[in-house]
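> Model the following, please.
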Amino acid sequence: MSTRSQSVYAQLIRSGAVSSSSNLISALFITSFAAAVPLGVLAHAQRSETVRFVFTSDAHYGLTRASFRARTHVPAHEVNAALIADVNTLADGAGPVDFLVEGGDVANRAEAADEIQPAAVSWSQFRSDYVEHLTLRTSSGTKTRVYVVPGNHDASNAVGFYKPMKPAIDRTAMVEIYNLMMAPAKRTVATYDYARDRVLTSRDVGGVHFVFLTVWPDSVGRAWLTRDLARVSASTPVVVFTHDQPDAQSKHFTNPNGRHDINALDRFENLLSDTFADGKAPEDDDALEQAAWEDFVRSHPNITAYFHGNSNWNEFYDWAGPHRTIALHTFRVDSPMKGKYSESDETKLSFQVAEINTRTMTMTVRERLWNTASWGASTTVSIAPSANRVCAR
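The predicted structure follows:
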């Protein structure tokens, strides 16, 4: 996208000429995914030596930034449009991009007290910014695909929350994420069921197996992943995308108390299939749940990388698990709206650009400081299965 096009697009957003309910945008979105690949495998006809992707998370449509580019109270629609404008410049600087992943919390939870817009409006804005205005191409010349994993805010909009929301339930974002990721399966707001209709899917690109999971790898996700990996060679690297960090959040598990429901006294959110086993309060540590994921990774040593949002700052680290038996290369990414550091310092706003050399199976992840059009931290790791350093207990 040219600088002039970016400027025009930003002006259209500010003026209201780009409408979240635009029939044209809806039609273009449907057309862009009409040829979506069926559930399971996305493969290149010829294996490329480089796989490149962009990772960002926590778009949080419905929120406003206190300040952005010398303006105050700037809505997420404009901030995310600016992020995508910089993503589009990667065509000149980084090269072709195979796919972009949004790590969840597309729509901020529509809490009535905060007057947050409905998830349906937020999804329409996300679709406009991330799908219609993304101009990147792959090495074969096709449009770069956008993948989304659901976050806790997306899920809570669909199942309810212990604080009043308006509307009380809005399944739109979860339905659209499901239909995007699980095609040809299709749900409507009337037929969607969160307990049944999880985003659990994978794509194969350049000899790497990419996995996409709802919120966090709970027991349902791990059971699906066991079946999925049964068809994957033990020598194939597996890269996981999900919303929560590997150590998860206790409040996202199912309420262990009373009727196990969502209520203001217990404050559990019932977004994960497992009933919380470590205590009775969401402040209690989730060591048992973490250990289950640690054990799973140790028994599947080709799971070598994990990308997540939720906690919202740029960090490259190895997750060892509560028993410290593994070293899972983990990548935490910033948020354009709720960054731990970038919320108060917009020069720290960032997303990540990852490049995998499929011959050596090394992956370089770079922090892109998109509001200053510069590069920040970077790291290079091996994603070959032998590099997942499994330690003895």
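> Tell me which residues are up against whichever strand or helix holds Ala305.
Assigned by DSSP states H and E, Ala305 falls within strand 303-308. Strand 303-308 is touched from outside by 55, 57, 101, 103, 237-246, 296-297, 319, 328-333, 352, 363, 381-385, 387-388, with contacts defined as Cβ atoms under 8 Å, 6 or more residues apart in numbering. Where you see a C-beta, it was placed from the backbone N, CA and C, and this is true even at glycine.
> Next, the angle strand 303-308 makes with the helix or strand following that strand.
Once the chain leaves strand 303-308, the next helix or strand it forms, by DSSP H and E, is strand 315-319. Following axes from the mean of the first three to the mean of the last three Cα atoms, to 10 degrees, one obtains 130 degrees for the angle between strand 315-319 and strand 303-308.
> Mind listing the strands strand 315-319 pairs with, and their directions?
Taking DSSP bridges as the criterion, strand 315-319 sits next to strand 328-332 (antiparallel) in its sheet.
> Let's see the partner strand as PDB, backbone CA atoms only.
Below are the C-alpha coordinates for strand 328-332, written out as PDB (Å, rounded to 0.1, in the frame of the first residue of the first chain):
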ATOM      1  CA  LEU A 328      10.000 -24.400  24.900                       C
ATOM      2  CA  HIS A 329      11.000 -21.400  22.700                       C
ATOM      3  CA  THR A 330       8.200 -18.900  23.600                       C
ATOM      4  CA  PHE A 331       7.400 -15.500  22.000                       C
ATOM      5  CA  ARG A 332       5.200 -13.000  23.800                       C
END
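> And the helices in this structure, which stretches?
For the chain, the helices defined by DSSP state H cover 3-15, 23-32, 76-88, 90-93, 119-126, 152-159, 172-181, 219-229, 287-299.
> Out of these, which is closest to Phe212?
Closest approach to Phe212 among the helices of the chain is made by helix 172-181 (6.1 Å; Cβ to Cβ).
> who's in contact with the closest one?
33, 36, 106-107, 118-120, 122-123, 126-127, 146-150, 154-155, 157-158, 185-189, 192, 194, 197, 199, 201, 212.
> Average pLDDT for it, rounded please.
Average pLDDT, helix 172-181: 98.
> What of stretch 313-323?
The model assigns stretch 313-323 a mean pLDDT of 98.
> Could you do stretch 371-385 as well?
Stretch 371-385 shows a mean pLDDT of 97 in the predicted model.
> if you go through this structure in chain order, where are the strands?
With DSSP state E as the criterion, the chain has strands at 50-56, 64-68, 71-75, 99-102, 145-148, 200-205, 208-213, 238-241, 303-308, 315-319, 328-332, 351-357, 362-369, 374-382.
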